[in-house]
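S.K.: Sequence first, predicted model second:
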Amino acid sequence: MRRILVTGGAGFIGSHLVDELLRRGYRVTVFDNLDRQVHPAGLPDYLNLKSTFIRGDVRSRRALKEAVCQAEAVVHLAAAVGVGQSQYEIAHYVESNIQGTANLLDILVNARHPVKKLLVASSMSIYGEGLYECEKCGRVKPALRQEAEKCPNKEGKENWEPACPHCQGEIKPLPTPEDTPLLANSIYAITKKEQEEMALLIGRTYGLPVVALRFFNVYGPRQSLSNPYTGVTAIFLSRVKNNRPPVVYEDGWQTRDFIWVGDVVRACVRCLESERADYQVFNVGTGKPVAIREMAEMVIKLLKKKLKPEITYSFRKGDVRHCYADTTRIHQCLGFTVRTSLEQGLRRLASWARKAPAEDRFEQAARELKEKGLT
Ligand SMILES: NC(=O)c1ccc[n+]([C@@H]2O[C@H](COP(=O)([O-])OP(=O)(O)OC[C@H]3O[C@@H](n4cnc5c(N)ncnc54)[C@H](O)[C@@H]3O)[C@@H](O)[C@H]2O)c1
């Protein structure tokens, strides 16, 4: 397999993957529609000139077919990527992420092509809340929080933590393994879950090796600093660069698992090159939870600004409280471990961000959420 097609290859994760594949001697074609929300200035200048670029939309079967028929492996990253936005641009998210993937699978099943492997980008968002432990009931999976749960606890303080679904007692977050029941709680998450299931089903049915990678919160250079709908680290960077405080929902103690883009690329390459990955689903995260307010503070410190995170104590419908990866499977199956610590990664990110253009459009996105009744 030397010829790789990367859909969404002009995007954040895709462009880093393209660089690495070229470095390893693959021939790479990028298929990307240069979505204006991600690429307001058109073709990004970081796009590797050694790749072949096709401006095309995965929603158009004809354009995609030509690209697929030249490839020996496909990494499918093209997607509309914004959890909150997906709740009011439903048709757009379903068409791009589900119909786009359906087109790809249709081509793989019905056309003559040399493709021998498919990787799809899934997401931690398909879990909904992560796995938790209750002292009384053991391992539990709480349902989606309703605003009503943001009620005073025994000490009269706001309580943002989900309760045990069985005894309503206190629960503590655990690393979330791949076999945790899924509870997709946004249109974006539903599209990612459908995409993953469709791809694995078609792969198993037709003997085409498929691998689904559930990325956690990926951060690094090239994540659009002007797209206010996705990537909390990029959104914070954009605010802070523009001398505005990063805005944190809830009390800021909700946690996420932040993984450096270079580690995500290594995981993709490992899955592409190893047969042991075939037909599997893998978490791609660090296994380390980080509080959102801590991330906001780290970004401020790195850009050396005198700001404080703005903690809103407001609830964004559909947000999960805690979810971080159990990384056992990818480690045991492929020997994969992350190499870049959060401190190292953020330092590299900050030196890129100092020079990168960053139009802070957070307030527009926040207003949209409010108008739609989502905050
Ligand atoms: N960044 C993360 O933290 C994260 C986490 C979980 C999953 N993912 C998944 O990883 C993949 C890549 O994400 P990213 O962060 O690099 O996003 P990104 O927005 O930077 O890149 C996506 C690329 O896809 C292109 N695209 C969008 N719609 C398209 C269409 N209809 N046809 C062709 N191209 C289209 C965009 O122009 C963009 O270049 C996505 O599938 C996303 O769902 C990302």
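M.R.: Okay, I see it.

S.K.: low-confidence ranges in the stretch 51-200 of the chain?
M.R.: 147-158 (pLDDT under 70).

S.K.: Enumerate the residues of it near the ligand.
M.R.: Within the stretch 51-200 of the chain, the residues that sit near the ligand (C-beta under 6 Å from any ligand atom) are Asp57, Val58, Arg59, Leu77, Ala78, Ala79, Ala80, Val81, Ser96, Gly100, Ala121, Ser123. All C-beta atoms are positioned from the backbone trio N, CA, C, and that covers glycine.

S.K.: Out of those, flag the one nearest to Lys301.
M.R.: Val81 (27.2 Å; C-beta to C-beta).

S.K.: where's the closest one relative to Tyr132, distance?
M.R.: As judged by C-beta to C-beta, to the nearest Å, Val81 and Tyr132 stand 27 Å apart.

S.K.: can you check His39 too?
M.R.: 39 Å.

S.K.: dump the residue contacts of Asp319.
M.R.: Arg145, Tyr249, Glu250, Gln254 (C-beta atoms under 8 Å, 6 or more residues apart in numbering).

S.K.: And these, which is closest to the ligand?
M.R.: Gln254 (15.9 Å; C-beta to the nearest ligand atom).

S.K.: residues contacting that closest one?
M.R.: Per C-beta under 8 Å, 6+ apart, neighbours of Gln254: Trp160, Ala291, Ile292, Asp319, Val320, Arg321, His322.

S.K.: follow-up on the earlier one: mark which of the residues of the stretch 51-200 of the chain next to the ligand are part of strands, please.
M.R.: Ala121, Ser123 (DSSP state E).

S.K.: Let's have the residues of the stretch 51-200 of the chain next to the ligand in CSV, adding neighbour count.
M.R.: Formatted as CSV, those follow (neighbours: other C-beta atoms under 10 Å):
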residue, neighbour count
Asp57, 19
Val58, 25
Arg59, 17
Leu77, 27
Ala78, 29
Ala79, 24
Ala80, 22
Val81, 27
Ser96, 23
Gly100, 26
Ala121, 28
Ser123, 25
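
S.K.: Just the residues of the stretch 51-200 of the chain next to the ligand: which are in helices?
M.R.: Among these, the members found in helices (DSSP state H) are Gly100.

S.K.: picking up where we left off before, who has more neighbours, His39 and Tyr132?
M.R.: Legend: neighbour count by other C-beta atoms under 10 Å for His39 and Tyr132, higher for Tyr132 (25 against 18).

S.K.: Using the three-state scheme, assign Ala234.
M.R.: helix (DSSP: H, G, I helix; E, B strand; the rest coil).

S.K.: what about it, neighbour count?
M.R.: Neighbour tally, Ala234, other C-beta under 10 Å: 25.
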